[in-house]
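test case, fold it:
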Amino acid sequence: MSLFKARDWWSTVLGEKEEFDQGCLCVADVDNSGSGQDKIIVGSYTGYLRIFNPHPVKPGEEVQPEDLLLEVQLREPILQVEVGKFVSGTEGLHLAVLHCRKLCVYAVSGTSGNVEHGNQYQINLMYEHNLQRTACNMTYGPFGGVKGRDMICIQSMDGMLMLFEQESYAFGRFLPGFLLPGPLTYSSRTDSFITVSSCQQVESYKYQVLAFATDADERQETEQQKLSSGKRLVVDWVLNIGEQALDICVGSFNQAVSSVFVLGERNFFCLKDNGQIRFMKKLDYSPSCFIPYCSVKEGTINTLIGNHSKMLNVYQDITLKWAAQLPHIPVSVKVANLQNLKGVIVTLSDDGHLQCSYLGTDPSLFQAPRVHSREINYEEYDAEMKELQKIIKKATKPQDILLKSEKHRHLIVTAEVSPDLDAKSQAIDSEVQAEAVPSVTVKVTIQSRVTAQKPKLAVRVQPPLAVSCDQFIFDDLEPDSSETVVLSVFLKGNCSPSELEGSCRVSYNTPTELNPEGIPKVSQCNFKLPLRLICIPAQPSKAASHKLTIDTNKPPVSFLTLFPDFVDPSENDQANALGFQFLTGSKTTLLASKTSQRYRIQSDQFEDLWLITKELTLRLEEHFKKQNCKDFTCNFSGSIPLQEYFELIDRHFELRLNAEKFRELLSERAVQFRAIERRLLTRFKDKTPAPLQHLDTLLEGTFREVIALADAAEENQAKMFQAFTKLKCATHLMLLLISLWQKLSTDQVAILEATFLPLAEDTQELGWEETVDASISYLLRTCLSKSSKEQALTLSSELCMPKDTSRLKKNITLFCDRLAKGGRLSLGTDPATQQASVMPGGCATIPESDLEEGMVIPGSTGTFPSRGQITKQKSK
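Reported below is the predicted structural model:
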């Protein structure tokens, strides 16, 4: 808000519900009175043309009728009005009116009246041009350096410049690379047209180049004719401004200095004749219009810039000299000489508010009242200050804020998962090839203690899991009310998920006295899905390719107790051996030793070990927690299965490389397809029929290649999603084994997860490999560094897709080696802090005889090959 307002000299409102824009306002001595007094010409989109000759109005008085010289309704919308020397044989000024499909040039003349009502004005049509293309805007000037007359250039909506030498049409040229029309102006100093293209570039075209270029209406049949006739339209200079332009203007107030002014969406540019930036001003508001005018200081130019905050700012080059408040948002601004008053600011709004104003201030008549002095009671002020400090201190305590928000939450959302699977599955469009895809019901309840406006519930599960409905919108909730929704979760993709968890989030607004529309808030909760959702009981497998062993400090627990939902109580042989058949087809076996406090998990797929291992550790912790056993621990003393993990990384990275190749091939075929289309279009538009020369066959073949490549890319994308899901499962398993191996704390496990699982989704622009490599490199140079030299190394700030995975695999191996030698994860880089928590690493070899006691698969005579290690074997 400005301190000053634009002083109203004369104002009026044009018509009712009429629309105006940038080109609808013009000021000039259009009736050739010779007095040097400008008239205001306004055209509207409804077709009304008005000419005003304003006179000053005293406060409280209305505009006099004689101020309106002429008002006529034309049949078509008026896009732009300009005044210039448009008629041959005379140097008088004439009015050019641009319609959508027509250009009209009028002569404005006045006849002296015999009564008190004043002079009579009328317009006479001198000539008109019917346009073959829809017009957008126009500019005028002495094209080619002619003297004493102006020519008109019209830009069409499809990028053609149509030039008219007064009563005759000269030629038309298409702008190269055109997409959408932009502002257009003419520079008489360089004899060139300047516009801003849809590529956000200021482009300049010489009139001579336009005149000698190939005619837009001609069509060449052969390459030889193209070379022998006409020249190609070449741009004189180009400047990239990085934003769309609202208006462009050429100012030549001083013959020594000529500048091109461009008003962008957020910046104001002043350019030299050759396209170099003279100066640039970044605007902290959204501009609507501008006009440069002559400055009293030599070497500088003043500019008026209106904005959408109803402000009019005056700049001298880039320095803000004045700011005034307007009663409307201006879409066009001009500077005119009216009634011997120079420099009157004329503004027009989009709804027809026309105002003539000047800059100035009113003297302030306000006088500050006398202040009655009184004695200050310092003791009272000190007591009040202490009380306020107590309130501030109490309000800024983080613990108090958290406790209060937890205790008095406005809205509580809870999710209850049914203990049993649905009797009738609610799975829809599942890609799983199993006979039956089960689903489980989740009941979500929302309880509101206050008025909750526009509550929206979003339910999210880990792909390839899916929900029957993931978005719910409710009516406003009253205090102490509740809403309940029921949905089903099922396995949709043909691969196992990395997590059996989901989340519910409710977004809503709570109104207050100061904000009736409401303050946005979010409430959320998590829920855990049953293992039966993705696998079913099966017979234990005798052999497997991947195996691992989890050690505990308590006697083994019967599977009848740990997995009652998977074990049949009538079968005693399932007490120590249990099989899990995943819906995707793979099988995992869980074995418990009768004597050695160990559990073994084995499967043919490495990633399938994760969910069973996680479920085993969670159920063991819950079992001993119910028995009030606080010293239960799990640990892993085998070697970390890096080789199996690296195979999944290589598979995922290979699919990413394939996706990049498919993208490049698709781009090449698309370019070829568009080139063939252009040639065919040229042949079809040719007036003289010519043979297609097998272009149609080539087009059909290219189209088939594009479709085949798109199908292959889509198939590769589906494979890459499955590979990324398997990689996340394997990564979760690796983090669990490392945490059990090194007995990491909760904070250290959080650092591990942030390092190896930074992305929820994998994309070509930002992939898992480069992100994890950067995170591990940071840890190796900070908390896991060996010396200060490693800490001094700088990391690259740019993440890009690597050429291969050798560096990543090397860093992961080095990461595990540093942990084995006593390194500890922490967010600090202080060596003393890191050395304080160093523990001796390394694992001793465990004899196989300890594991061979009592761990036999039912129905087989073989034993486990070794303890504490993962072995990859081929079944014989």
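
please identify the helix or strand for the nearest residue in space to I536 that is not next to it in sequence.
Leaving aside its chain neighbours, I536 sits nearest to Q581 (5.1 Å; criterion: C-beta to C-beta, 6 or more residues apart in numbering). Yep, even glycine has a C-beta here, placed from its N, CA and C like the rest. If you go by DSSP states H and E, Q581 is part of strand 577-582.

now do that strand: everything it contacts.
496, 531, 534-541, 559, 563, 566-567, 587-592, 608, 612, 857-858 (C-beta atoms under 8 Å, 6 or more residues apart in numbering).

out of those, list just those in strands.
Those of these mapping onto strands are C535, I536, P537, A538, K587, T588, T589, L590, L591, A592, per DSSP state E.

neighbours of the fifth one, how many?
Same thing as K587. Neighbouring residues of K587 were enumerated by other C-beta atoms under 10 Å; the total is 19.

check V81 too.
V81: 22 surrounding residues under other C-beta under 10 Å.

so which helix or strand takes in it?
According to DSSP H and E, V81 maps onto strand 80-84.

with L163 instead?
strand 160-165.

swap in K17?
Going by DSSP H and E, K17 is not in any helix or strand.

sorry, back to before: now find how far off-centre the helix or strand just after the strand holding V81 is within its chain.
Remark: after strand 80-84, the chain's next helix or strand is strand 94-98, criterion DSSP H and E. Strand 94-98 sits 44 Å away from the centroid of its parent chain (C-alpha atoms, centre = their mean, to the nearest Å).

for strand 94-98, packing partners?
Other helices and strands packing on strand 94-98, by 3 or more C-beta pairs under 8 Å, 6 or more residues apart in numbering; DSSP states H and E, are strand 80-84, strand 102-111, strand 135-141.

quick revisit: what is the neighbour count of the residue nearest to I536?
Neighbours of Q581 under the rule other C-beta under 10 Å: 16.

that one pairs with what?
Beta-bridge pairing for Q581 (DSSP bridges): I536, K587.

please enumerate the strands of the stretch 351-500 of the chain.
353-358, 411-421, 439-448, 453-461, 465-467, 471-473, 481-491 (DSSP state E, counting those that start in this stretch).

same list, these, but as a markdown table with distance to N137 and mean neighbour count please.
Below are those laid out as a markdown table (distance: least, C-beta to C-beta, whole Å; neighbours: other C-beta atoms under 10 Å):
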| stretch | distance to N137 | mean neighbour count |
| --- | --- | --- |
| strand 353-358 | 21 | 20 |
| strand 411-421 | 54 | 15 |
| strand 439-448 | 55 | 20 |
| strand 453-461 | 43 | 18 |
| strand 465-467 | 52 | 20 |
| strand 471-473 | 45 | 11 |
| strand 481-491 | 55 | 19 |
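
is it possible to get JSON lines of those that adds mean pLDDT?
Output for the strands of the stretch 351-500 of the chain, formatted as JSON lines (pLDDT from 0 to 100):
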{"stretch": "strand 353-358", "mean pLDDT": "91"}
{"stretch": "strand 411-421", "mean pLDDT": "90"}
{"stretch": "strand 439-448", "mean pLDDT": "92"}
{"stretch": "strand 453-461", "mean pLDDT": "91"}
{"stretch": "strand 465-467", "mean pLDDT": "91"}
{"stretch": "strand 471-473", "mean pLDDT": "91"}
{"stretch": "strand 481-491", "mean pLDDT": "91"}
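
among those strands, which is nearest V83?
strand 353-358 (17.0 Å; C-beta to C-beta).

surely S488 meets S430?
No - look at S488 against S430 with C-beta atoms under 8 Å: they stay out of range, at 11.7 Å.

still on that earlier bit, for the residue nearest to I536, give me the pLDDT.
Per-residue confidence (pLDDT) for Q581: 87.

for F624, same thing?
Looking at F624, the pLDDT reads 87.

next one: D29
Value listed for D29 in the pLDDT field: 89.

which residues touch it?
S35, G36, Q37, D38, K39, L93 are the contacts of D29 under C-beta under 8 Å, 6+ apart.

burial count for the fifth one?
Counted with other C-beta under 10 Å, residues neighbouring K39 total 23.

so after the helix ranked longest in the chain, what's the next helix or strand?
If you go by DSSP state H, the chain has its longest helix at helix 695-742. Sequence-wise, the next helix or strand downstream of helix 695-742 (DSSP H and E) is helix 746-756.

okay, angle between the helix or strand just after that following helix and helix 746-756 too, please.
Using DSSP H and E, the helix or strand that follows helix 746-756 towards the C-terminus is helix 768-781. Calculated by axes from the mean of the first three to the mean of the last three C-alpha atoms, to 10 degrees, helix 768-781 forms an angle of 130 degrees with helix 746-756.

okay, now the domains of the chain?
Listed domain ranges for the chain are 5-215+233-360, 411-531, 536-636, 642-821 (source: the TED database).

with distance to E375 added, can I get the ones you listed in CSV?
Below are the domains of the chain laid out as CSV (distance: least, C-beta to C-beta, whole Å):
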stretch, distance to E375
domain 5-215+233-360, 43
domain 411-531, 36
domain 536-636, 68
domain 642-821, 59
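
buried ones among the contacts of strand 577-582?
The neighbour count (16 or more other C-beta atoms under 10 Å) marks 496, 531, 534-535, 537, 539-541, 559, 563, 566-567, 587-592, 608, 612, 857 as buried among those.

distance of L304 relative to G823?
Going from L304 to G823 by C-beta to C-beta, to the nearest Å gives 66 Å.

before we move on, what about C629?
31 Å.

okay, and the beta partners of the closest residue to P556 other than its chain neighbours?
Distance criterion C-beta to C-beta, 6+ apart; nearest residue to P556, sequence neighbours excluded, is A592 at 4.4 Å. A592 has the following beta-bridge partners by DSSP bridges: Y599.

any idea how far A592 is from K542?
16 Å.

OK, contacts around the residue nearest to P556?
Applying C-beta under 8 Å, 6+ apart, the residues near A592 are P556, V557, S558, F559, A575, N576, A577, R598, Y599, R600, M855.

of those residues - the most surrounded one?
Neighbour max across the contacts of A592 (other C-beta under 10 Å) = Y599, 25 neighbours.

wouldn't it be in contact with T549 here?
Yes - with contact defined as C-beta under 8 Å, Y599 reaches T549; the gap is 7.0 Å.

quick one: contacts for E71?
Shown in contact with E71 (C-beta under 8 Å, 6+ apart): Y48, L49, R50, I51.

from the chain's centroid, how far away is the helix or strand encompassing the second one?
When you say that, I think you mean L49. Assigned by DSSP H and E, L49 belongs to strand 48-52. Distance of strand 48-52 from the chain centroid (C-alpha atoms, centre = their mean) equals 45 Å.

format the ones in strands among the contacts of strand 577-582 as a markdown table; extra columns: pLDDT.
Output for those, formatted as a markdown table (pLDDT from 0 to 100):
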| residue | pLDDT |
| --- | --- |
| C535 | 88 |
| I536 | 87 |
| P537 | 86 |
| A538 | 86 |
| K587 | 88 |
| T588 | 90 |
| T589 | 90 |
| L590 | 88 |
| L591 | 88 |
| A592 | 87 |
